[in-house]
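> here is my input; please provide its structure:
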Amino acid sequence: MTDSPSLGNIAITKTEFAQFQKLIFQIAGISLSDAKQVLLVGRLSKRLKELDYRTFSEYFRHVTNEAGAEERQTMVDLLTTNETYFFREPKHFDFLRERAASHRKGGTFRVWSAASSSGEEAYSMAMVLAETLGDTPWEILGTDISTKVLAKAQYGQYPLERTDGIPINLLKKYCLKGLGKHTGTLLIAKELRQRVQFLHCNLMAPRQSLGQFDVIFLRNVMIYFESETKRKVIANLLPYLKRDGHFVVGHSESLNGLTKHLVLASPTIYRHAGAR
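Residues are numbered from 1 along each chain as shown. All right, here's what the predicted structure looks like:
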């Protein structure tokens, strides 16, 4: 017997859903509650039909097969939530501006957008640093587990309605309004796109060669993690934070009780405990 079939979607059994809950947790640390069953079915049913699978068990065998690595990534792309917009939670960008302004010349100021989604956060950072640092070298890295949103981020083109949060002076200076077939969109200026690098990265097992950062933003992603997964992700990212660095989380998140290596500097902004 199947559970709660939706019109146009392929039905899923409790056992099948439990298999996918375990799989996405193993891959990405994401905890899908039972209430997310409808979401999973809605997002994956079309893919099953494209591959001519009639059941979720058939698809599960595909994505867990040795030859299914590419399809596993497609599944992750479909199941991860990527809600973001420019200058989300503006106080964090005020902090970034202040932190960049206090940076001592002689080294490159580096910022990591660790759950960058389609790039709005990273490009918001880029606008702030371009305005604040002048000729002082700076770099931004944006990473995400979804290759689909990273492709959008690298291209840097967005619908005009998604740009409401950009201050008007920065909008005019760093965004190009689309013409012709691109009407209704804007493109981030090339001078900023060249300063932002986007890479695929799973926070459960980050790349080894990222270097260290003055500021790490990990916002509005840990709400999908259980406490133990949060601890693991923070521990994974800490080696990339400079001793005088700062770690920023979303306004609905807290690191309280999750690590002794970061101390609260101001609400949702933490500094390295080893900082002098």
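
> centroid residue for this protein?
For the chain, the residue sitting closest to the mean C-alpha position, by C-alpha atoms, centre = their mean, is residue 115 at 2.0 Å.

> OK, contacts around it?
Residue 115 is in contact with 143-144, 203, 217-221, counting by C-beta atoms under 8 Å, 6 or more residues apart in numbering. Yep, even glycine has a C-beta here, placed from its N, CA and C like the rest.

> of these, which is the nearest to residue 236?
Of all these, residue 203 has the smallest distance to residue 236: 6.2 Å, by C-beta to C-beta.

> tell me the contacts of that closest one?
29, 114-115, 145, 218, 221, 233, 236-237 are the contacts of residue 203 under C-beta under 8 Å, 6+ apart.

> and of the residues you listed, the nearest to residue 267?
residue 218 (15.4 Å).

> just the element for residue 127, please.
Taking DSSP states H and E as the criterion, residue 127 maps to helix 120-133.

> could you give the angle of the next helix or strand after that helix to helix 120-133?
Counting by DSSP H and E, the element after helix 120-133 in chain order, helix or strand, is strand 138-144. Computed by axes from the mean of the first three to the mean of the last three C-alpha atoms, to 10 degrees, the angle separating strand 138-144 from helix 120-133 equals 170 degrees.

> and strand 138-144, which strands flank it?
Paired neighbours of strand 138-144 in the sheet (DSSP bridges): strand 109-113 (parallel), strand 196-200 (parallel).

> can you pull out the helices in the stretch 101-250 of the chain?
Along the stretch 101-250 of the chain, the segments classed as helices by DSSP state H, counting those that start in this stretch run 120-133, 147-155, 168-174, 190-193, 227-237.

> can you tell me which of the contacts of residue 115 are in strands?
Residues of these located in strands (DSSP state E): 143-144, 217.

> ok, and what's touching stretch 81-101?
Residues outside stretch 81-101 that contact it (C-beta under 8 Å, 6+ apart): 109, 111, 117-118, 120-121, 123-125, 128-129, 131-133, 138, 144, 146, 149, 162-167, 214-215, 217, 219-220, 224, 246, 248, 250-251, 266, 268-269.

> buried only: go through those residues for me.
109, 111, 117-118, 120-121, 123-125, 128-129, 132-133, 138, 144, 146, 149, 163, 166-167, 214-215, 217, 219-220, 224, 246, 248, 250, 268-269 (16 or more other C-beta atoms under 10 Å).

> hang on, the earlier thing: ramachandran coordinates for the residue nearest to the centre of the chain?
phi -140, psi 70 (degrees, to the nearest 10).

> and the gap between it and residue 30?
Counting by C-beta to C-beta, to the nearest Å, the gap from residue 115 to residue 30 is 12 Å.

> check residue 141 too.
Going from residue 141 to residue 30 by C-beta to C-beta gives 22 Å.

> go on, residue 73?
Distance of residue 73 to residue 30, given as C-beta to C-beta: 14 Å.

> now do the contacts for residue 202.
Applying C-beta under 8 Å, 6+ apart, the residues near residue 202 are 27-28, 145.

> from these, which is closest to residue 259?
Closest to residue 259, out of all of the contacts of residue 202 and judged by C-beta to C-beta, is residue 28, at 20.2 Å.

> what about the closest one, neighbour count?
By other C-beta atoms under 10 Å, 20 other residues sit near residue 28.

> that one reaches residue 205, doesn't it?
No - between residue 28 and residue 205 there is no contact under C-beta atoms under 8 Å: 10.3 Å.

> which residues touch stretch 160-178?
85-88, 90, 120, 124, 126-127, 130-131, 157, 184-189, 191-192.

> list only buried entries from those residues.
The buried subset of those (16+ other C-beta under 10 Å) comprises 85-88, 120, 124, 126-127, 130, 185-186, 188-189, 192.

> quick one: which two of those are the most distant?
Greatest spacing in the buried ones among the contacts of stretch 160-178, by C-beta to C-beta: 130 and 185 (21.1 Å).

> re earlier: any idea which of the contacts of residue 203 is closest to residue 10?
For those, the nearest to residue 10 is residue 145 (24.5 Å; C-beta to C-beta).

> ok, that closest one - contacts?
Going by C-beta under 8 Å, 6+ apart, the list of residues near residue 145 reads 28, 76, 80, 200-203.
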